[in-house]
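# Pasting a predicted model and its sequence here:
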Amino acid sequence: QVQLVESGGGLVQAGGSLRLSCAASVHSFSSYVMGWFRRAPGKEYEFVAAVAGSGVRTYYSNPVKGRFAISRDNAKNTVFLQMNSLNSEDTAVYYCAADRSLSISTRDYDYEYRGQGTQVTVSS
């Protein structure tokens, strides 16, 4: 059973930064594509970013490209999401997800596991 635990969310002013972390209890962490999704109130899950198992290949959604950076530390079974230049539209619950795959997917239903989420609130 894979467990994903997110941390690092909170309240930040517009223009500020936050760094989310996701600790995974899983065997062969590097075999998983790790992704971040978010869900704002009344909206569907939205893909944010993903990183392949080696940490080399990454993919970002257009709204966050250039502002967010995803990375992973396979020695510590942890994936990070550095979020800069935050704005009110980034307010959401952010979820970490794991997909045992070689290719990066932007579809939430392709990810077998998902954490409980961490709230990010950006005040304007």
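Right, received. Where do you want to start? Numbers count the residues shown, from 1 in each chain.

# residues touching the closest residue to Val48 other than its chain neighbours, list them.
Nearest non-adjacent residue to Val48, counting by CB to CB, 6 or more residues apart in numbering: Trp36, 4.3 Å away. Glycine gets a C-beta too; all of them are placed from N, C-alpha and C. Trp36 makes contact with 20, 22, 48-50, 70, 79, 81, 94-97, according to CB atoms under 8 Å, 6 or more residues apart in numbering.

# Against which helices or strands is the helix or strand harbouring Val120 packed?
Using DSSP states H and E, Val120 falls within strand 118-123. Helices and strands touching strand 118-123, by 3 or more CB pairs under 8 Å, 6 or more residues apart in numbering; DSSP states H and E, are strand 10-13, strand 18-25, strand 92-100.

# Just grab the bridge partners of the most centrally placed residue in the chain for me.
Most central in the chain under CA atoms, centre = their mean is Trp36, positioned 2.2 Å from the mean C-alpha point. With DSSP bridges as the criterion, Trp36 is bridged to Ala49, Cys96.

# And Gln82, by the same measure?
Arg19, Ala69.

# That one: what's it in contact with?
17, 19, 68-71.

# so how far is Arg100 from the residue nearest to the centre of the chain?
Using CB to CB, to the nearest Å, Trp36 is found at 17 Å from Arg100.

# try Ser30
For Ser30, the distance to Arg100 - CB to CB - is 11 Å.

# so where is this structure shaky, pLDDT-wise?
In the prediction, the chain carries no residues with pLDDT under 70.

# how about a cut-off of 90?
1-2, 27, 124 (pLDDT under 90).

# which of the contacts of Gln82 are buried?
68-70 (16 or more other CB atoms under 10 Å).

# how about these in CSV, adding distance to Leu11?
Formatted as CSV, those follow (distance: CB to CB, whole Å):
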residue, distance to Leu11
Phe68, 18
Ala69, 21
Ile70, 22
